[in-house]
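J.: sequence-free structure coming up:
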């Protein structure tokens, strides 16, 4: 078993959370206090699907609400920016639907069309993290 990640180290806390992956791809999460040893008693076992859903739920809880106008992300290509926002159901409730709009200048559009490239964008770093967080906030079955 390899320890992959260690969370919870803060100067004002003696609680730690270890997240690691077993050889069988099971994800183990263990809470320790005051430097105690990692034990089975303090460990939760998750299969890949459960771990994925937990990760999305954590992103949702750790993310700010998306404004109705969406969030703008800077890109590294012909696209000036992309905007991500949550779709709205016909009854005006938030939908589990991500809407992504691509904004490119006329000049960039012409260069892309002349080169035969498909519309697209590249995104990295903090902007990629914002995109993942926004998509997680929209995803899963609840609307929170």
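T.: Sure, I can see it. Since the structure is predicted, the reported quantities are computational estimates derived from the model, not experimental observations. Numbers count the residues shown, from 1 in each chain.
J.: In this structure, where is pLDDT below threshold?
T.: Residue ranges of the chain with pLDDT under 70: 1-13, 77-78, 119, 140-144.
J.: again, only using 80
T.: Within the chain, the stretches with pLDDT under 80 are 1-15, 34-35, 75-80, 104-105, 107-109, 111-112, 117-122, 139-144.
J.: Kindly list the longest strand within it.
T.: Longest strand in the chain, counting residues (DSSP state E): strand 94-103.
J.: I'd like to know how far residue 138 sits from residue 132.
T.: The gap separating residue 138 from residue 132 is 11 Å, by C-beta to C-beta, to the nearest Å. Backbone N, C-alpha and C define where each C-beta goes, glycine included.
J.: more neighbours, those two?
T.: Per other C-beta atoms under 10 Å, whichever of residue 138 and residue 132 has more neighbours is residue 138, with 20 against 15.
J.: Make sure that one is actually in contact with residue 66.
T.: Yes. Using C-beta atoms under 8 Å, residue 138 makes contact with residue 66 at a distance of 7.2 Å.
J.: tell me which element the residue of the chain positioned farthest from its centre is part of?
T.: Within the chain, residue 114 marks the point farthest from the mean C-alpha position, 34.5 Å out by C-alpha atoms, centre = their mean. Using DSSP states H and E, residue 114 maps to helix 106-115.
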